[in-house]
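> sequence unavailable; structure follows:
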């Protein structure tokens with residue numbers, strides 16, 4: 001038990017650091033040259049599309065959960081049920097689409113929707129919670 005506790009303590013301190021480093025590196029790769037050919041209109045369309053998808057997920061979750069739970073619990077489930085972690089998505093994309101030729105130009109394009117989706121989640125959740133307080 002002593003060794004397991006000691007190892008767990010050390011690993012739990014390094015795990016977030018490694019995860020934040022991975023996110024930072026991927027974020028930097030996304031916005032340094034790998035978005036060539038992506039116009040401002042493309043980014044706007046992506047943001048609107050992701051917003052529509054997120055709101056659709058939240059609406060469907062609300063319609064299901066409000067019939068079973070109280071309003072307070074349903075709202076909690078709606079906000080938390082639509083949340084997906086950016087770190088998991090970026091890590092999965094980085095592993096699945098890793099290439100041997102070290103060409104990271106496509107990695108930025110593949111992670112951009114994940115980064116946009118995460119940002120929109122935060123904005124929508126803050127707006128919803130802010131109005132309900």
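That came in fine, so what should we check first? Quick caveat: nothing in here was measured; it's all calculated off a predicted structure.

> checking residue 68 next. Helix, strand or coil?
State at residue 68, reduced to three classes by DSSP: H, G, I helix; E, B strand; the rest coil: coil.

> so what's the most centrally placed residue in the chain up against?
Using Cα atoms, centre = their mean, the residue of the chain that lies closest to the mean C-alpha position is residue 86, 2.7 Å off. Applying Cβ atoms under 8 Å, 6 or more residues apart in numbering to residue 86 gives the contacts 23, 114, 115, 117, 118. Just so you know, the C-beta spots here come from the backbone N, C-alpha and C atoms, and that holds for glycine as well.

> outside of stretch 59-67, which residues touch it?
Counting by Cβ under 8 Å, 6+ apart, 73, 74, 75, 77, 78, 81, 82 sit against stretch 59-67.

> the second one: how many residues sit nearby?
Look at residue 74: counted by other Cβ atoms under 10 Å, it has 19 neighbours.

> nearest residue to it in space, please, no chain neighbours.
Distances taken as Cβ to Cβ, 6 or more residues apart in numbering put residue 65 closest to residue 74, at 4.0 Å, once the chain neighbours are dropped.

> run a quick neighbour tally on that neighbour.
Residue 65, neighbours per other Cβ under 10 Å, totals 18.

> check residue 68 too.
Residue 68 has 9 neighbours, counted by other Cβ under 10 Å.

> residue 61 versus that one, what's the distance?
Distance of residue 68 to residue 61, computed by Cβ to Cβ, to the nearest Å: 11 Å.

> low-confidence stretches in the protein?
Low-confidence segments of the chain (pLDDT under 70): 1-2, 9, 15, 19, 26-27, 29-35, 82, 84, 99-105, 132-133.

> residue contacts, residue 88?
With contacts taken as Cβ under 8 Å, 6+ apart, residue 88 has no neighbouring residues.

> kindly apply the preceding question to residue 124 instead.
51, 54, 55, 58 are the contacts of residue 124 under Cβ under 8 Å, 6+ apart.
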